[in-house]
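Undergrad: here is the input, now give the coordinates:
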Amino acid sequence: MSLGRLRWVFACGHVPLRSSGPEPELTSRDQFSVLNTGERLANVRITVLYARRREIGPFRIGVAARRVRQIRVNDLIFPVAVRLDEPYGMIFDSDVPVVVQCTRQDTGERERTGTMAGAWPVRDH
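TA: Residues are numbered from 1 along each chain as shown. This is a model prediction of the structure:
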């Protein structure tokens with residue numbers, strides 16, 4: 001049985017511009033984990049929305065069956081890069097049910113900090 005939803009929404013994105021310490025392990029970032037518990041490839045489209053700019057995307061990723069894939073927001077650069085140091089929200093749309101979770105690492109203040117954010121799973125129609 002596939003667990004999850006077809007659509008997930010995050011309203012709390014922000015990739016700090018500054019980082020301290022060696023890269024890439026101490027680079028400030030938001031990272032999303034997409035879990036596909038189903039038996040076929042999940043084709044996921046990610047749309048990024050801003051307060052004062054037009055949305056960008058969709059970014060397209062695949063998640064193999066019965067696997068998890070981690071995506072660093074810093075690596076989303078095609079069709080256009082996600083802007084650093086600017087709040088954003090994201091919509092994840094998948095053709096099969098998935099589970100999505102966000103982790104943040106902000107190293108701008110020399111301490112390594114991390115937070116996790118829950119997503120809002122949208123009811124499938």
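Undergrad: per-residue confidence for Gly4?
TA: Gly4 is assigned a predicted lDDT (pLDDT) of 93.
Undergrad: can you count the residues close to it?
TA: 20 (other Cβ atoms under 10 Å). Quick note: C-beta positions are derived from backbone N, CA and C, even for glycine.
Undergrad: let me know the helix or strand that Asp95 is in.
TA: strand 88-106 (DSSP states H and E).
Undergrad: so for that strand, what's the average pLDDT?
TA: Here the average pLDDT along strand 88-106 is 90.
Undergrad: over to stretch 17-29?
TA: 68.
Undergrad: quick one, phi psi at Arg69?
TA: phi -130, psi 130 (degrees, to the nearest 10).
Undergrad: kindly export the strand or helix carrying Phe10 (C-alpha atoms) in PDB.
TA: Using DSSP H and E, Phe10 sits within strand 5-13. In PDB, the C-alpha atoms belonging to strand 5-13 read as follows (Å, rounded to 0.1, in the frame of the first residue of the first chain):
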ATOM      1  CA  ARG A   5      -0.700  12.200  -0.400                       C
ATOM      2  CA  LEU A   6      -0.500  13.500  -3.900                       C
ATOM      3  CA  ARG A   7      -0.100  17.200  -2.800                       C
ATOM      4  CA  TRP A   8       1.900  18.700   0.000                       C
ATOM      5  CA  VAL A   9       2.200  22.400   0.900                       C
ATOM      6  CA  PHE A  10       5.000  24.200   2.900                       C
ATOM      7  CA  ALA A  11       4.600  27.800   4.000                       C
ATOM      8  CA  CYS A  12       7.900  28.200   5.900                       C
ATOM      9  CA  GLY A  13      10.800  28.100   3.600                       C
END
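Undergrad: in its sheet, what does that strand sit against?
TA: strand 88-106 (antiparallel), strand 120-122 (antiparallel) (DSSP bridges).
Undergrad: tell me which of the ones you listed sits nearest to Ala42.
TA: strand 88-106 (4.8 Å; Cβ to Cβ).
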